[in-house]
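J.: After the sequence you'll find the predicted model.
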Amino acid sequence: MKRKQRKQRRQKKNVYREKPAQENEEFKDTFIINQALRNGDYNLLREIGRETGFLNDAIRRRVWPFLLHCEDAEVQNVMEGTLEVPHKDEEQVKLDVVRSFNSFPKNLSPEDKVKLEGQLNRVITHVLRAYPSLHYYQGFHDICSVIILMFGEKFACKLMEPIALFYKRDEMCTTMEPVLKQLTILDTLIRLEDAELFEFITEAGVLPYYCLSWVITWCSHDLNNLEKIARVFDLFLCSNPLMTIYFSAAVVLSRREEILGLECEMSTVHSFLTKLPPDLDVDSICQKAVELEEKYGIYDIQCKSSVALDQTSTVNRFEKDWSKKRIESQEDLNCVLGEIMIPMLTQPREPIQLVLDSDIQNQHSNSVLQKLKQLDKKDVALYTLVTIGAGIGLIAMLMSNTDLMREWLMTGV
């Protein structure tokens, strides 16, 4: 038996030797990724991350730092603040940290959980102290958890800086308004792709808060499978930050038959929509999300929604500040951080100019956005809950008990 197994292994090795890696289907994708890394082909790696992902964690540990322009953990990025001065949100960070690492990794011992919690606290604190103009929000710790498990504490400190500044900056503002604007765009995507589904969700009185957790945590709060989470991170790291909204739309569209089979009632539909199914086909959702972005571009979907994101939004600044043409070295990154990014953190936020779509259905988007803005201004409890509160899952309960929500239920959307 052992002799037969050895013979099979030798035969398998010989098959590999007969063809170079680029011609062997089993290794072809890995070969292409390795070639792109050797050639510094940023655009090709972004394309691979969007279309198929990076295959496994070993490859991701090489590719993600390259995509984040942080390949050397020893080199320090330019900072806005100093690591010796505490950030005002650090006490809330401690409260959220103890609720982390409950879903993954599997079979984690109490001792190892405490160790990871300490690492998570130090990584978040590092980012906040380095850039004190950023504000912590509940959900940032979920993203940090994944990066720590992939890279360890030291490298995670380095990698989370550009993720915070160039991808999640809109969530780390003083108000929720930048995120509310992005959520409103989700309704427009669903309307453009599936009018029947859009009308059903609208008739149920459901606002696009249901995908908030997916957007602000990159789905790491809602998926329990670390491999699926990593695949989603591949997509988001290789795309404009608005990809979270295209992804959310793809999820909803993929579940149309289930949604249309529900009772058309707010709590039923909202409760169903907030949950990502454990058997979610992440690869097909990623592909659909990319198709939606290609069909409705970043500027185009803002026009169709009549929702102008800010000039300084990560969405509108991403290609300008984060493209490989601008950043080709650590020196380039520090130049962008010092001359553009850090000053931008304290600049007033003004919307971009749009060529508005003439479609009268856009009145719906404006109505939803205005109501979300009212909630942001009037209901401080909800803002606190979402940004640094006790649990995203409590949002639906709070929504159902606010005067403003009752007004929505009475007047319709």
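T.: Arrived safely.

J.: Leu337: how many residues sit nearby?
T.: Residue neighbour count, defined by other C-beta atoms under 10 Å, stands at 22 for Leu337. No exception for glycine: its C-beta is placed from N, CA and C like everyone else's.

J.: Skip the chain neighbours and tell me the closest residue to it.
T.: Nearest non-adjacent residue to Leu337, counting by C-beta to C-beta, 6 or more residues apart in numbering: Val78, 4.3 Å away.

J.: Could you check how far the one you found is from Ile340?
T.: Distance from Val78 to Ile340, counting by C-beta to C-beta, to the nearest Å: 11 Å.

J.: what about stretch 222-229, start to end distance?
T.: In stretch 222-229, first residue to last residue: 9 Å (C-alpha to C-alpha, to the nearest Å).

J.: ditto for stretch 86-93
T.: Chord length of stretch 86-93, first to last residue, is 12 Å (C-alpha to C-alpha).

J.: what about that stretch, distance to the chain center?
T.: 23 Å (C-alpha atoms, centre = their mean, to the nearest Å).

J.: which residues touch that stretch?
T.: By C-beta atoms under 8 Å, 6 or more residues apart in numbering, the residues outside stretch 86-93 that reach it are Asn121, Ile124, Thr125, Leu128, Arg129, Pro132, His135, Tyr136, His141, Ile388.

J.: Relative to Thr312, which of those residues is nearest.
T.: Lowest distance from Thr312 to those (C-beta to C-beta) belongs to His135, with 15.0 Å.

J.: For the closest one, I want the exact helix or strand it lies within.
T.: Per DSSP states H and E: His135 is located in neither a helix nor a strand.

J.: can you count the residues close to it?
T.: With other C-beta under 10 Å as criterion, His135 counts 17.

J.: For it, give its distance to Gln119.
T.: Taking C-beta to C-beta as the measure, His135 falls 22 Å from Gln119.

J.: ok, now Val232?
T.: Distance from Val232 to Gln119, by C-beta to C-beta: 22 Å.

J.: Show me which of the two is the more surrounded one.
T.: Using other C-beta under 10 Å, the more surrounded residue of Val232 and Gln119 is Val232, with 25 against 21.

J.: Contacts only, for Met341.
T.: Leu165, Phe166, Asp321.

J.: Also Ser145?
T.: Counted by C-beta under 8 Å, 6+ apart, Ser145 has contacts Ser100, Phe101, Leu116, Leu120, Ser220.

J.: Switch the residues you listed over to JSON lines; also include neighbour count, secondary structure and pLDDT.
T.: Below are the contacts of Ser145 laid out as JSON lines (neighbours: other C-beta atoms under 10 Å; DSSP: H, G, I helix; E, B strand; the rest coil; pLDDT from 0 to 100):
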{"residue": "Ser100", "neighbour count": "17", "secondary structure": "coil", "pLDDT": "87"}
{"residue": "Phe101", "neighbour count": "21", "secondary structure": "coil", "pLDDT": "87"}
{"residue": "Leu116", "neighbour count": "19", "secondary structure": "helix", "pLDDT": "95"}
{"residue": "Leu120", "neighbour count": "25", "secondary structure": "helix", "pLDDT": "97"}
{"residue": "Ser220", "neighbour count": "26", "secondary structure": "coil", "pLDDT": "93"}
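
J.: so which pair among those residues is furthest apart in space?
T.: Top of the distance list for the contacts of Ser145 (C-beta to C-beta): Leu116 and Ser220, 14.2 Å.

J.: In the one helix or strand Leu333 maps to, which residues are buried?
T.: Assigned by DSSP H and E, Leu333 belongs to helix 330-336. Under the neighbour-count criterion of 16 or more other C-beta atoms under 10 Å, helix 330-336 has Gln330, Leu333, Asn334, Val336 buried.

J.: these two touch, right, the second one and Asn77?
T.: So the one you mean is Leu333. Yes: using C-beta atoms under 8 Å, Leu333 is in contact with Asn77, at 6.6 Å.

J.: can you list residues touching both of those two?
T.: Counting by C-beta under 8 Å, 6+ apart, the contacts common to Leu333 and Asn77 are Cys70, Pro162.

J.: Run through the helices of the stretch 251-400 of the chain in chain order.
T.: With helices called from DSSP state H, counting those that start in this stretch, the stretch 251-400 of the chain shows them at 256-260, 266-273, 282-295, 298-305, 314-322, 330-336, 342-344, 362-378, 380-388, 395-399.

J.: which stretch in those helices is the model least sure about?
T.: Confidence, taken as mean pLDDT, is least for helix 380-388 of those (a mean of 41).

J.: contacting residues for the nearest residue to Met344 once chain neighbours are set aside?
T.: Nearest residue to Met344 in three dimensions, chain neighbours excluded: Thr312, at 5.3 Å (C-beta to C-beta, 6+ apart). By C-beta under 8 Å, 6+ apart, the contact list for Thr312 reads Met344, Gln347, Arg349, Glu350.

J.: hmm, which of those are the buried ones?
T.: Buried residues within the contacts of Thr312, counting neighbours by 16+ other C-beta under 10 Å: Met344, Arg349.

J.: Farthest-apart pair in the contacts of Thr312, please.
T.: Comparing the members of the contacts of Thr312, the greatest separation, given C-beta to C-beta, is between Met344 and Glu350, at 12.0 Å.

J.: just to revisit the earlier point, hmm, which of the contacts of Met341 are the buried ones?
T.: Neighbour-count burial (16+ other C-beta under 10 Å) is assigned, among the contacts of Met341, to Leu165, Phe166, Asp321.

J.: Of the contacts of Thr312, just say which sits nearest to Ile185.
T.: Taking the contacts of Thr312 together and measuring to Ile185 by C-beta to C-beta, the closest member is Arg349, at 16.8 Å.

J.: tell me the contacts of the closest one?
T.: Per C-beta under 8 Å, 6+ apart, neighbours of Arg349: Cys173, Pro178, Asp310, Gln311, Thr312, Ser313.

J.: wait, which of those is closest to Lys275?
T.: Distances from Lys275 to the contacts of Arg349, taken by C-beta to C-beta, are shortest for Pro178, at 25.3 Å.

J.: The closest one contacts Asp170, doesn't it?
T.: Yes: the pair Pro178 / Asp170 is scored as a contact, 3.8 Å apart, by C-beta under 8 Å.
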